[in-house]
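Undergrad: Using only what follows, build the 3D model:
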Amino acid sequence: MDWLDDHINLIGLIGAVIILLLTIAVGWFYIKKMKTETNDGVLTGHDWDGIREFSNDVPVGYLFALFGVSLWAIWYILFGYPLNSYSQIGEYNEESQAYSKRFDSLYANLDSEKLKLMGEQLFLVQCAQCHGITAEGIDGKAQNLTHWGKLDGIMDTIRHGSMGLKNDEGEEYGAMPEGLLTEEKDIQAVAHYIMSEIVGDTNNTYDEELVKYGKEIYHGEGTCFSCHGDNGEGMEGVAPSLQNYGKTEFLANVLKYGKKGNIGFMPSFEYLGLSNKEVEALQSFIASRHKIQ
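TA: Numbering: from 1, shown residues only. Prediction:
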């Protein structure tokens, strides 16, 4: 009987046997009492259709049962099964983590096209309902992800601000107000500098003059560096790292905690238990999206 090696099954069996024995004992007690009980006793004034009830004390057995169940409930909550033993949710999480590791190992060497194809499948199932199958945000109903990790994304954030991210403690930080820069040339210059020097994007070429000018603005008094740091590394509890912008680490944070936006609220997708490779694939697909002309 290997199934009894699981203490939860054993506790369940013991409980079932106890309930069965109590049921038999209580049933036998009342059957026997029905044979010997008389109608002597004090009746209450409660009358319904000629039927009145006896004024009896609460049975001692009921009081013992209530007391016992109360003690058991206290033990159960503080020391027993929920907090100190087997957890179905915990077992599921452990199995999911183990599966994710096997998945990452199996698909560790995917080429870029297959990685993007995997990301596309994930996107169409999990993301397209809000962001649209082209990732353009369905006419403003959700964030336009064709800007993700690109100049347009940086410029859009500078113009409209950001609601920030969450840290590992679930605390929101990094909210950025809109209108910090108002001149279009300044906005473009800072975006060029961030993408070229801080993010280190090598897939595109950036205007050297704009990069130089953007660096001056970024490090100007009361501008970007005061929150994001000299090298865009971010400041804990103040502003996120810009070095991760448009990268897998940034996307993983958004998927884990969700994100408030200027358009709406994206819930956490942590419950999906996506593996590192799946997040990387999703990032690869989103980065490949471009606005349809």
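Undergrad: Just checking: what are the partner strands of the strand of greatest length in the chain?
TA: Ordering each strand of the chain by length in residues (DSSP state E) puts strand 43-48 first. With DSSP bridges as the test, strand 43-48 is paired with strand 51-54 (antiparallel).
Undergrad: So which residues of the stretch 151-293 of the chain form helices?
TA: Remark: helices assigned in the stretch 151-293 of the chain by DSSP state H, counting those that start in this stretch are 151-160, 184-193, 208-218, 225-228, 248-257, 276-287.
Undergrad: Give me the helices and strands touching the third one, please.
TA: Using 3 or more Cβ pairs under 8 Å, 6 or more residues apart in numbering; DSSP states H and E as the contact criterion, the neighbours of helix 208-218 among helices and strands are helix 184-193. For the C-beta atoms, the positions are set from N, CA and C on the backbone; glycine is no exception.
Undergrad: Which elements pack onto the helix it packs on?
TA: Partner elements for helix 184-193 (3+ Cβ pairs under 8 Å, 6+ apart): helix 151-160, helix 208-218.
Undergrad: which regions of this protein lie under the pLDDT threshold?
TA: 1-5, 39, 80-87, 291-293 (pLDDT under 70).
Undergrad: All the strands of this structure, residue numbers only.
TA: Counting by DSSP E, the strands of the chain are 43-48, 51-54, 165-166, 172-173, 259-260, 265-266.
Undergrad: Mind putting the ones you listed into TSV with mean neighbour count and distance to residue 107?
TA: Output for those, formatted as TSV (neighbours: other Cβ atoms under 10 Å; distance: least, Cβ to Cβ, whole Å):
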stretch	mean neighbour count	distance to residue 107
strand 43-48	9	73
strand 51-54	10	72
strand 165-166	20	28
strand 172-173	14	33
strand 259-260	17	27
strand 265-266	14	26
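Undergrad: a markdown table for the ones you listed, including distance to residue 104?
TA: Shown next, in a markdown table, are these (distance: least, Cβ to Cβ, whole Å):
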| stretch | distance to residue 104 |
| --- | --- |
| strand 43-48 | 71 |
| strand 51-54 | 69 |
| strand 165-166 | 24 |
| strand 172-173 | 29 |
| strand 259-260 | 25 |
| strand 265-266 | 25 |
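Undergrad: Residues in contact with the longest strand of the chain: which ones?
TA: With contacts defined as Cβ atoms under 8 Å, 6 or more residues apart in numbering, strand 43-48 is touched by 52, 53, 54, 55.
Undergrad: tell me, how many neighbours does the last one end up with?
TA: Pointing back at residue 55 there. The number of residues packed near residue 55 is 11, by other Cβ atoms under 10 Å.
Undergrad: Of all the strands of the chain, which one is nearest residue 116?
TA: Among those, the nearest to residue 116 by Cβ to Cβ is strand 265-266 (21.9 Å).
Undergrad: re the thing from before, looking at the strands of the chain, spot the one closest to residue 132.
TA: Taking those one by one with Cβ to Cβ, strand 265-266 is closest: 14.0 Å.
Undergrad: Summarise which helices and strands the closest one is packed against.
TA: strand 259-260.
Undergrad: partner strands of the strand it packs on, parallel or antiparallel?
TA: With DSSP bridges as the test, strand 259-260 is paired with strand 265-266 (antiparallel).
Undergrad: For stretch 256-264, what is the distance to the chain centroid?
TA: Stretch 256-264 sits 12 Å away from the centroid of its parent chain (Cα atoms, centre = their mean, to the nearest Å).
Undergrad: Mean neighbour count and distance to residue 201 added to the helices of the stretch 151-293 of the chain, as a markdown table?
TA: Below are those laid out as a markdown table (neighbours: other Cβ under 10 Å; distance: least, Cβ to Cβ, whole Å):
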| stretch | mean neighbour count | distance to residue 201 |
| --- | --- | --- |
| helix 151-160 | 18 | 9 |
| helix 184-193 | 20 | 10 |
| helix 208-218 | 17 | 11 |
| helix 225-228 | 18 | 17 |
| helix 248-257 | 18 | 13 |
| helix 276-287 | 21 | 10 |
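Undergrad: Show me the one of those that comes nearest residue 41.
TA: That would be helix 248-257 among the helices of the stretch 151-293 of the chain, by Cβ to Cβ, at 66.1 Å.
Undergrad: What are the contacting residues of that closest one?
TA: Counting by Cβ under 8 Å, 6+ apart, residues outside helix 248-257 touching it are 165-166, 170, 240, 244, 266, 268-270, 272, 274, 276, 279-280, 282-283, 286.
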